[in-house]
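K.L.:
Below is the structure, and that's it, no one-letter string:
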Ligand SMILES: [Zn+2]
């Protein structure tokens, strides 16, 4: 079982596929920043805190993706008066996780292969909604600084405590980018702005949701790799549109170019949703057009 790694007196994290934040807010009490993909992740987080003589009292959910909020339900059920904080626009998806596979299905009732923990967390209440304009949140003795980092998700936030930035999915580690090729986004251009902003925070270290703890000496390079991955993805998607291609065709072309395949429907749906975000951004940029043909929308690169 992994142990909490303390970065300052109060700020710690539990390393893993999903790095989870833990901040000491009082005498023996702590707040989690994200809770992992499922009940087991929630349990391991709780145990790691108990091993450090800390009782979790709350979680701040940075955004609604299942791998960040899946442990909430276990913690709410098993810890008395446990409270969940989340951005107002992310909260509905956390309270009703059926919405995530629904939007991955063009709004349809999701098929069974899309109703699993990778895209549908257990539902969790959100006790306090964080407003878009809110810059701080006080829990116990700690004032958390909050920074909007939209793009990867609707209204994702980063959280800063004692010079440590819990960056959520505002950027990814190099190995994660190499594995997936196209960084998942809801709004690619907002994601680019957030990438710049997360690097400008006056902090000593960044804890990404997926990747390694990143110090000031390495952040510029890591963010540059992220900017590059987005720029490459834009170029690849534009080229895949060519003189007219459907979303499915663009997805297939990009996957072929990257040498990645989706092994399950949920994985494919997430990848296709990300490509859809690229098409949307490229359309806004005036780089691609879309026309409704007899077989549906055809995306075309502007010559
Ligand atoms: Zn995410």
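P.N.:
Good, I have the coordinates. Remember, predicted model here, so these are calculated numbers, not experimental data. Numbering: from 1, shown residues only.
K.L.:
OK, now which residue of the stretch 151-300 of the chain is nearest to the ion?
P.N.:
residue 169 (3.9 Å; CB to the ion). C-beta: built from backbone N, CA, C; applies to glycine.
K.L.:
I figured that residue was touching residue 207, is that so?
P.N.:
No: using CB atoms under 8 Å, residue 169 is not in contact with residue 207; the gap is 11.6 Å.
K.L.:
Torsion angles phi and psi at the residue of the stretch 151-300 of the chain closest to the ion?
P.N.:
Residue 169 adopts backbone torsions of phi -100, psi 30, taken as degrees, to the nearest 10.
K.L.:
contacting residues around it?
P.N.:
62-63, 65, 68, 152-153, 156, 184, 208-210 (CB atoms under 8 Å, 6 or more residues apart in numbering).
K.L.:
Okay, domains of the chain per the record?
P.N.:
What automatic domain parsing lists as the domains of the chain is 5-231, 238-301.
K.L.:
Mind putting the ones you listed into CSV with mean pLDDT?
P.N.:
Below are the domains of the chain laid out as CSV (pLDDT from 0 to 100):
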stretch, mean pLDDT
domain 5-231, 97
domain 238-301, 97
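K.L.:
Buried deepest among those, which one?
P.N.:
domain 5-231 (a mean of 20; mean count of other CB atoms under 10 Å).
K.L.:
How about the residues of this structure by the ion?
P.N.:
For the chain, the residues found near the ion under the criterion CB under 5 Å from the ion are 65, 169.
K.L.:
which residues of this protein fall in helices?
P.N.:
Using DSSP state H, the helices found in the chain span residues 39-51, 66-69, 72-78, 91-95, 99-103, 174-180, 188-199, 216-241, 247-258, 265-285.
K.L.:
Mind listing the residues bridging to residue 56?
P.N.:
residue 30 (DSSP bridges).
K.L.:
right, and it touches residue 74 too?
P.N.:
No: judged on CB under 8 Å, residue 56 makes no contact with residue 74 at a distance of 10.7 Å.
K.L.:
Common neighbours of those two, please.
P.N.:
By CB under 8 Å, 6+ apart, the residues touching both residue 56 and residue 74 are residue 46.
K.L.:
for the residue nearest to residue 278 when sequence neighbours are not counted, what are its contacts?
P.N.:
Using CB to CB, 6 or more residues apart in numbering and skipping the chain neighbours, the partner closest in space to residue 278 is residue 237 (4.3 Å). Residues counted as contacts of residue 237 (CB under 8 Å, 6+ apart) are 250, 254, 275, 278-279, 282, 288.
K.L.:
at 7 Å instead, please
P.N.:
Applying CB atoms under 7 Å, 6 or more residues apart in numbering to residue 237 gives the contacts 250, 254, 275, 278-279, 282.
K.L.:
from these, which is closest to residue 132?
P.N.:
Taking CB to CB as the measure, residue 278 is the one of those closest to residue 132, at 24.7 Å.
K.L.:
thinking again about what came up before, columns distance to residue 128 on top of the contacts of residue 237, output as JSON lines?
P.N.:
Listed next are those as JSON lines, based on distance: CB to CB, whole Å:
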{"residue": "250", "distance to residue 128": "40"}
{"residue": "254", "distance to residue 128": "39"}
{"residue": "275", "distance to residue 128": "35"}
{"residue": "278", "distance to residue 128": "34"}
{"residue": "279", "distance to residue 128": "36"}
{"residue": "282", "distance to residue 128": "37"}
